[in-house]
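Visitor: What would the 3D arrangement of this be:
(chains A and B)
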Number of protein chains: 2
Amino acid sequence: MVDDATLLAAVAEQRADMERLLVELVEAPTVLGSEAPGQAIMRRAFAGLGLEPVDVALDPQALRDHPGASPFSWDVSGKQNVTAVWPPAEPADGRSLILNGHIDVVSPEPAVLWSRGPFAATRDGDWLYGRGAGDMKAGLAAIVGAVGALQRLGLAPRGRIELQSVVEEECTGHGALACVLAGRRADAAVITEPTGGAVWTSQVGVLWFQVRVLGRPAHAGEARAGENAIEATFPVVRALRALEAELNAHPPPPYDAYPNPINLNVGIIRGGDWASTVAGECVTHCRLALYPDDHVGNLRRRVEAAVAAARADPAVAGFDVEVRYDGFARDGYSIAADAPPVGALRVAAERAFGVAPAVVASTATTDASILQLYGGTPAMCFGPYAESIHGVDERVHLPSMVQTAQALALFIRDWCGLKPAA
Amino acid sequence: MVDDATLLAAVAEQRADMERLLVELVEAPTVLGSEAPGQAIMRRAFAGLGLEPVDVALDPQALRDHPGASPFSWDVSGKQNVTAVWPPAEPADGRSLILNGHIDVVSPEPAVLWSRGPFAATRDGDWLYGRGAGDMKAGLAAIVGAVGALQRLGLAPRGRIELQSVVEEECTGHGALACVLAGRRADAAVITEPTGGAVWTSQVGVLWFQVRVLGRPAHAGEARAGENAIEATFPVVRALRALEAELNAHPPPPYDAYPNPINLNVGIIRGGDWASTVAGECVTHCRLALYPDDHVGNLRRRVEAAVAAARADPAVAGFDVEVRYDGFARDGYSIAADAPPVGALRVAAERAFGVAPAVVASTATTDASILQLYGGTPAMCFGPYAESIHGVDERVHLPSMVQTAQALALFIRDWCGLKPAA
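Guide: Numbering: from 1, shown residues only, chains lettered A, B, ... in the order given. Alright, predicted model coming up:
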């Protein structure tokens, strides 16, 4: 068995390669619908490891037929996940593993708030700035760095290792779900989300919903003859905030550690189209979380009830208010803190960092739930330290990317086993 | 002097032609930026009267240099007003007249609320439906009908009559202002806005402004780490509603006849771009009126003060809030009820309709203020009866279009004078 120091040193030597890959990835603005250039980079990165990249396409109908799917209104045809298998050395008596990351990033807007170009991948000391630097291109680079280091040492895993760079983690999880539909399963999965070195073993579910308010447009000079859909939206938002407060009143463990584990986010509003016309329509896009022991169908009913109750407000009463769904409809999930892969990952992380990693329940959602709930693969998140993900001046701490890769290398040794490559 | 009955009958015979022109105009969706097809129709209509159509282009720099201009961010180069002069019969001893209408229409959205296609120009009995049918393509058709009828009678005016089909009445008045810049003046102007047979002799000014709120985007899973620009906008709107109430507290005559002469309209809101990201930016477009004795500069200061005061609300305090201007920055105006053209138009309308027209102060703005304030042309609005302008299922009462043309014919006779064409 190769010792810790050898593995850690071998991964550290990959630092420059990981950083180069990370910069290249951040410079590709892989927002929804523009993932392809990022996937082309990942194809080359996997090929650079001597592995054969295999695309896993998103099949809209197959996705829609799956119980874990989210509704989606946009075109996914032609979208590809990029995967590669590092085949086990015979007799392949080790446990298998999926190492997964997502290539898609959220919009950097308002870019005017950034102190640098969101896709310029600028470096300042140990930090690399850019949309997606933390969430989660450093995680993808860490996966490549870990595998590359083991290969440099002339090692091969004793269990099958599959690398996955998926799309649509930020809106549906349908990249990961397409991998599940393609039969991609393993004895464990690590998603290198920016957990800051913690092991995430639980996460909330997430529901995206839209509230569409229809009013009555009119000339602004006779505005009282109309019904303004924008302002009628305000009491509906208040009602949704009240629902959020209810959902946070008695959080079940481990979410009772948070003051506000269930976050409502009013993410998008689009109303009216002419300053001198009373706004006839306003659509508000929200995100609301749910506990792992809840189900997204229940939350839908509560959202719809809250919106219906808001219509008792005289300011909303005359309006047509509808709740619509497009995007995330995802249950939460948990993996037991004493499950074998969790224990092995915690040990690996502690040996890499010198301190025991925190075990955390996340108030965000990731593809871990897709892999575990629908793929049957016990899944965890573990990755670099990042700041301001989804925010302004997102950045990742580059040493934490290397540490992530180091912990992954130890975990591969401990979970899959290693032996000299044939 | 040709008698009333002859003129009224001659105009009535133009009804089918006016209706055909109106349908053709409504079928052209001449929203901002798409005015050209409508202007092509008007060019043909003026040429059909035997007049030579003359384009008056919008010159962006000349407009911006004019004190009556409004700020604008969009491209106006290539936009054309269409004008035509009906030359007076010698010795041209009559008073001159501008007959003006605008070709642009406001957006019909949300079109889903319409019971028919907004640009289908469908007819139901005496009503023609469609965006712009009332505001104000029926008025343009009435102008053509009035002139056509007089020509059929072999008559010519004794004063110069200029016909104008202008652009951008709905956002800046820069079509009319370009005509003023081109030196187009007259002893009176009638704008055939849908006044329902009333004579409008006063109108409010209008200010368009945008409130841009910048917050701090963050991941929805840690929404409290962000500052949501959408929800911070709500208290700002409340503050603007309070300003509106102040402005309506003591309306000066003739606006004291209205319960709410000064209307604030929250016309457009655009905030955020991702459901799972705390909205970092929200821009709200508003329209607010001012009395004719006020000035748009004063109103700007009051808006800015109200927005600044709203920042005392803890829900707004941490945000960057800016007031921006794009579009209408227009003072109101009045013409004396006993001014000569007003008296002549009232008499003509009474003789056409059999009842005296109402004299009205409008809570909307029109190009009348441009023509009078900056062109020195005493201006009034007078036109057909329409319903739901800027609203759903806008429609115009076709007989009122004919009556408008009849009153215009009498007014031309009384104001400009008529004699047999050479």
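Visitor: Please report phi then psi for A:Pro53.
Guide: Dihedral pair for A:Pro53: phi -70, psi 130, per degrees, to the nearest 10.
Visitor: Is it bridged to anything, and to what?
Guide: Note on A:Pro53: beta-bridge partners by DSSP bridges are A:Ala84.
Visitor: Would you mark the buried spots in the helix or strand containing A:Arg301?
Guide: A:Arg301 is located in helix A:296-310, with elements delineated by DSSP states H and E. Neighbour-count burial for helix A:296-310 flags A:Val296, A:Leu299, A:Arg300, A:Arg302, A:Val303, A:Ala306, A:Val307, A:Ala310 (criterion: 16 or more other Cβ atoms under 10 Å in any protein chain shown). Every residue, glycine included, has its C-beta placed from N, CA and C.
Visitor: Tell me the helix or strand right after it.
Guide: Helix A:296-310 is succeeded, C-terminally, by strand A:320-324 (DSSP H and E).
Visitor: any residue of that next one up close to chain B?
Guide: No - Strand A:320-324 does not reach chain B (Cβ under 8 Å from any Cβ of the partner chain); its nearest approach is 9.0 Å.
Visitor: who does that strand pair up with?
Guide: Strands flanking strand A:320-324 in the sheet, each with its direction: strand A:205-214 (antiparallel) (DSSP bridges).
Visitor: Sort out which residues of stretch A:62-79 are buried, please.
Guide: By neighbour count on 16+ other Cβ under 10 Å, the buried set for stretch A:62-79 is A:Leu63, A:His66, A:Gly68, A:Ala69, A:Ser70, A:Phe72, A:Val76, A:Lys79.
Visitor: what's the spacing between A:Pro108 and A:Leu150?
Guide: 34 Å (Cβ to Cβ, to the nearest Å).
Visitor: Tell me what A:Glu227 is bridged to.
Guide: Under the criterion DSSP bridges, A:Glu227 forms beta bridges with A:Arg216.
Visitor: Could you check which residue of the stretch 301-422 of chain A lies nearest chain B?
Guide: Using Cβ to the nearest Cβ, the closest approach of the stretch 301-422 of chain A to chain B is made by A:Ala364 at 3.1 Å.
Visitor: What about that residue, how many residues nearby?
Guide: 20 (other Cβ atoms under 10 Å in any protein chain shown).
Visitor: What sits closest to it if chain neighbours are left out?
Guide: B:Gly221 (3.1 Å; Cβ to Cβ, 6 or more residues apart in numbering or on different chains).
Visitor: show me what contacts the one you found?
Guide: A:Val204, A:Asn263, A:Ala289, A:Ser362, A:Thr363, A:Ala364, A:Thr365, B:Ser276 (Cβ atoms under 8 Å, 6 or more residues apart in numbering or on different chains).
Visitor: For the residue of the stretch 201-350 of chain A found nearest chain B, grab phi and psi.
Guide: Going by Cβ to the nearest Cβ, chain B is nearest to A:Gly221 of the stretch 201-350 of chain A, at 3.1 Å. A:Gly221 has phi and psi values of phi -70, psi -20 when expressed as degrees, to the nearest 10.
Visitor: Model confidence for it, exactly?
Guide: If you check A:Gly221, the pLDDT there is 95.
Visitor: Also A:Glu90?
Guide: 87.
Visitor: quick one: contacts for the closest residue in space to it that isn't next to it in sequence?
Guide: Spatial nearest neighbour of A:Glu90, excluding adjacent residues (Cβ to Cβ, 6+ apart): A:Ala422 at 7.4 Å. Applying Cβ under 8 Å, 6+ apart to A:Ala422 gives the contacts A:Ala89, A:Glu90, A:Ala156.
Visitor: From these, which land in helices?
Guide: Under the assignment DSSP state H, the contacts of A:Ala422 contribute nothing to helices.
Visitor: Just give me the closest of those to chain B.
Guide: Of all the contacts of A:Ala422, A:Ala156 has the smallest distance to chain B: 37.6 Å, by Cβ to the nearest Cβ.
Visitor: in the sheet, who's paired with that closest one?
Guide: Beta-bridge pairing of A:Ala156 under DSSP bridges involves A:Lys419.
Visitor: ok, it to A:Leu150 distance?
Guide: For A:Ala156 relative to A:Leu150 (Cβ to Cβ), the value is 8 Å.
Visitor: what touches both of those two?
Guide: Joint contacts of A:Ala156 and A:Leu150 (Cβ under 8 Å, 6+ apart) are A:Leu418.
Visitor: Of these two, which one has the most company?
Guide: Set A:Ala156 next to A:Leu150 and count neighbours by other Cβ under 10 Å: A:Leu150 wins out with 27 against 22.
Visitor: Just give me the neighbour total for the closest residue to chain B within the stretch 51-200 of chain A.
Guide: Using Cβ to the nearest Cβ, the single residue of the stretch 51-200 of chain A nearest to chain B is A:Pro110, 4.0 Å away. Residues near A:Pro110, counting by other Cβ under 10 Å, number 20.
Visitor: re earlier: please convert the buried residues of helix A:296-310 to a markdown table, extending it with distance to chain B and pLDDT.
Guide: Listed next are the buried residues of helix A:296-310 as a markdown table, based on distance: Cβ to the nearest Cβ, whole Å; pLDDT from 0 to 100:
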| residue | distance to chain B | pLDDT |
| --- | --- | --- |
| A:Val296 | 14 | 98 |
| A:Leu299 | 14 | 98 |
| A:Arg300 | 15 | 98 |
| A:Arg302 | 18 | 98 |
| A:Val303 | 13 | 98 |
| A:Ala306 | 16 | 98 |
| A:Val307 | 16 | 97 |
| A:Ala310 | 14 | 95 |
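Visitor: Would you reformat the residues you listed as a markdown table and include distance to B:Pro384?
Guide: What follows is these, written out as a markdown table (distance: Cβ to Cβ, whole Å):
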| residue | distance to B:Pro384 |
| --- | --- |
| A:Val296 | 54 |
| A:Leu299 | 52 |
| A:Arg300 | 49 |
| A:Arg302 | 51 |
| A:Val303 | 47 |
| A:Ala306 | 46 |
| A:Val307 | 41 |
| A:Ala310 | 40 |
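Visitor: just the residues you listed now: which is nearest A:Thr172?
Guide: A:Val296 (12.4 Å; Cβ to Cβ).
Visitor: Could you list the residues of the stretch 1-150 of chain A in contact with chain B?
Guide: Taking Cβ under 8 Å from any Cβ as the contact definition, the stretch 1-150 of chain A meets chain B at A:Val106, A:Ser107, A:Glu109, A:Pro110, A:Val112, A:Leu113, A:Asp135.
Visitor: Just give me the closest of those to A:Arg15.
Guide: Nearest to A:Arg15 among these: A:Asp135, at 20.6 Å, using Cβ to Cβ.
Visitor: just to revisit the earlier point, most neighbours out of the residues of the stretch 1-150 of chain A next to chain B, which is it?
Guide: A:Asp135 (29 neighbours).
Visitor: Next, the contact list for the nearest residue to that one once chain neighbours are set aside, please.
Guide: Counting by Cβ to Cβ, 6+ apart, A:Asp135 lies nearest to A:Ile389, which is 3.9 Å off, once chain neighbours are set aside. Neighbouring residues of A:Ile389 by Cβ under 8 Å, 6+ apart: A:Gly134, A:Asp135, A:Pro194, B:His219.
Visitor: just A:Ala10 next, same as before
Guide: By Cβ under 8 Å, 6+ apart, the contact list for A:Ala10 reads A:Ala149, A:Leu150, A:Arg152, A:Leu153, A:Ala409.
Visitor: tell me the helices in the stretch 151-300 of chain A, going along the chain?
Guide: A:174-181, A:229-247, A:296-310 (DSSP state H, counting those that start in this stretch).
Visitor: any idea how far B:Pro217 is from the residue positioned nearest the centre of chain A?
Guide: For chain A, the residue nearest the mean C-alpha position is A:Thr366 (3.9 Å; Cα atoms, centre = their mean). Distance, A:Thr366 to B:Pro217, using Cβ to Cβ: 19 Å.
Visitor: neighbours of A:Arg20, just the number please.
Guide: 11.
Visitor: brain fart, A:Ala245
Guide: If we define neighbours as other Cβ under 10 Å, then A:Ala245 has 12 of them.
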